Structure formats: structure tokens, C-alpha cells
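[1] Need coordinates for the below:
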Amino acid sequence: MLQIRKSISNHILIMMFIIIALAFLLGYFLPVGLDKKNSITYSEYMFSTYTVFTQFGFLLFCFMISQFFNKDYTDKNIAFYRVIGVNIYKYFFSKAITLILEGIIFIFIGLLIISSLYGDFSQLLIYLYFIVLVMIQYILIVGVISVIFSNLIISIGLSIAYWIIGILVSAFNPNLSFLAPFDASNNISYSLSILSGMNNGSFNQNIYLYGMIYILSLSVICFVVLLFCHKRWIKLGIKE
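    Numbers count the residues shown, from 1 in each chain. All right, here's what the predicted structure looks like:
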């Protein structure tokens with residue numbers, strides 16, 4: 001409840017709504033503008049929206065996530081968390097879960113509106129699953145970086161650098177595709193494009209498991225990183 005109240009008071013909830021609404025708008029207007037189409041089908045809209053989240057997600061979500069974490073350094077709240085018995089793990093995952101729940105609600109509403117307008121709900125849950133996984137990826141990566149570095153600008157800069165490096169490395173070396181598993185050049189996006197009729201081939205059911213394994217692995221990595229950052233978290237909280 002504490003992080004939900006902070007999310008509301010710091011306008012994070014409003015930013016989350018605006019970011020996700022913008023992603024859905026871009027999902028429609030980008031193919032219409034770039035491909036010069038008068039309209040797009042339900043499947044095209046769903047895949048286009050997913051592509052916006054994967055290709056522009058770091059840029060869209062980065063500031064909001066960093067702000068949610070870094071604000072506690074500038075407000076000198078870390079000492080308060082220590083007093084009430086909140087360690088770095090409770091701190092990080094409570095904030096992450098708050099953002100995830102808020103994001104799920106807005107993403108579901110967006111997909112529900114699209115499906116209702118087209119009168120087709122066949123792909124709603126599929127895209128809800130994968131778009132949420134994409135968002136969780138951003139929250140975990142940017143969140144950890146923001147805990148390690150108390151400066152908002154540095155946190156944003158390093159997060160964007162990770163995003164760019166991940167895409168480049170994944171594109172040039174398929175063996176390192178795990179650095180950007182949701183990127184358009186990798187199997188998940190390709191399988192979803194087949195589902196939406198954008199490409200020919202058979203839909204790979206394994207992408208559901210692959211996406212979940214990636215997020216679970218990323219969560220474990222975050223846990224390990226936080227293990228070594230506990231003293232730094234306290235030090236930065238006092239210093240800032």
C-alpha cells in the first residue's frame with residue numbers, strides 16, 4: 001500500500017497511463033503513416049502495438065521507472081525504510097510489483113478497447129501476456145540500475161545504453177539474443193508476426209515458456225545484483 005500511495009502522490013500512475021496510451025496510439029498511427037494505409041486489421045494493430053512496446057519501450061518507460069526509484073534518494077527516504085524494517089529486497093520488489101500491477105491494468109484496458117472496437121477478442125490474452133512480459137523486463141532492468149545509481153540522469157543514460165547495446169549485440173550475434181529476446185529480430189516477435197498473418201510459417205508454442213523463463217532468470221539476476229548492493233543502497237540513501 002505504501003508504494004501505491006507513493007505512485008499516486010508522485011504522479012507515477014498518471015505517467016504510466018499516458019505512456020501506455022501513447023504506445024497504443026503509436027501502434028495504430030505508425031503503420032497507417034509509414035505504410036500509407038487507410039486502415040489496419042485487428043491482427044495488424046495488435047502486432048504493431050506489441051512492436052511499439054518492444055522497439056520504443058525503453059525510451060517510453062525509462063524516465064518513469066527511474067523517477068519512481070530515484071525519488072527516494074532525493075527525498076532521503078532510505079533511512080525511513082530502514083527504520084520500518086524494509087530491506088533492499090522488499091524495497092525493490094515492492095516498487096517493481098506496484099509498477100507491474102498498474103501496467104497490467106492499463107495494458108488490459110487498452111487491449112480490451114481495441115478488441116471491442118474490432119469485435120474480435122481472439123488475440124487479447126496472447127498479446128496481454130507478451131506485452132506484460134516486455135514491460136516487466138523494463139521495470140526489472142531500469143529498476144536495478146536506478147537502485148545502484150542514485151542520480152536520475154545516470155540511471156536513464158545507463159538504461160538506454162543497455163537497451164542499445166542489447167539490440168546491437170543480439171542482431172549481430174544470434175547466440176546472444178537473450179540480451180533482447182523480445183526484439184523484432186528474434187523468435188518471439190517472428191512467431192507473433194506469423195500469428196497475426198504478417199509472415200508465413202508455423203506458430204512456435206515454445207515462445208510462451210521462453211518468455212517466462214527469461215523473466216524468471218532476469219528476476220534471479222536482479223536478486224543477486226541487489227545482494228551485493230545492500231551497503232551501497234544504504235550509503236547512497238544517507239549521502240543523498
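
[2] which helices and strands does the longest helix anywhere in the chain pack with?
    Looking across the chain with DSSP state H, the single longest helix is helix 42-74. In terms of contact count using 3 or more C-beta pairs under 8 Å, 6 or more residues apart in numbering; DSSP states H and E, helix 42-74 is assigned the packing partners helix 2-9, helix 12-34, helix 88-118, helix 124-148, helix 152-172, helix 187-195, helix 230-239. For glycine as for every other residue, the C-beta is placed from the backbone atoms N, C-alpha and C.

[3] Buried residues of that helix, list them for me.
    If you call a residue buried by 16 or more other C-beta atoms under 10 Å, then helix 42-74 has these buried ones: 42-58, 60-73.

[4] Likewise for stretch 151-169?
    Residues 151, 152, 155, 156, 158, 159, 162, 163, 166, 167 are the ones in stretch 151-169 that count as buried (16+ other C-beta under 10 Å).

[5] now swap in stretch 217-230 and tell me
    Neighbour counts over stretch 217-230 (16+ other C-beta under 10 Å) mark 218, 222, 226, 229 as buried.

[6] Export the helices and strands packed on helix 42-74 as TSV, with columns for distance to residue 78.
    Compiled in TSV, these are given as follows (distance: least, C-beta to C-beta, whole Å):
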stretch	distance to residue 78
helix 2-9	13
helix 12-34	18
helix 88-118	8
helix 124-148	10
helix 152-172	15
helix 187-195	37
helix 230-239	2
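
[7] Of all the ones you listed, which one is nearest residue 208?
    Set against residue 208 and scored by C-beta to C-beta, the helices and strands packed on helix 42-74 come closest in helix 124-148, at 7.0 Å.

[8] That closest one to helix 187-195, inter-axis angle?
    Angle of helix 124-148 versus helix 187-195, following axes from the mean of the first three to the mean of the last three C-alpha atoms, to 10 degrees, is 160 degrees.

[9] ok and helix 124-148 relative to helix 42-74, angle-wise?
    Using the same axes, to 10 degrees: helix 124-148 against helix 42-74 is 20 degrees.

[10] which residues touch the closest residue to residue 110 other than its chain neighbours?
    Spatial nearest neighbour of residue 110, chain neighbours left out: residue 24 (4.6 Å); criterion: C-beta to C-beta, 6 or more residues apart in numbering. The contact partners of residue 24, taken as C-beta atoms under 8 Å, 6 or more residues apart in numbering, are 49, 110, 114.

[11] looking at it, the first one is touching residue 22, isn't it?
    Right, residue 49. No. The pair residue 49 / residue 22 is not scored as a contact, 11.0 Å apart, by C-beta atoms under 8 Å.
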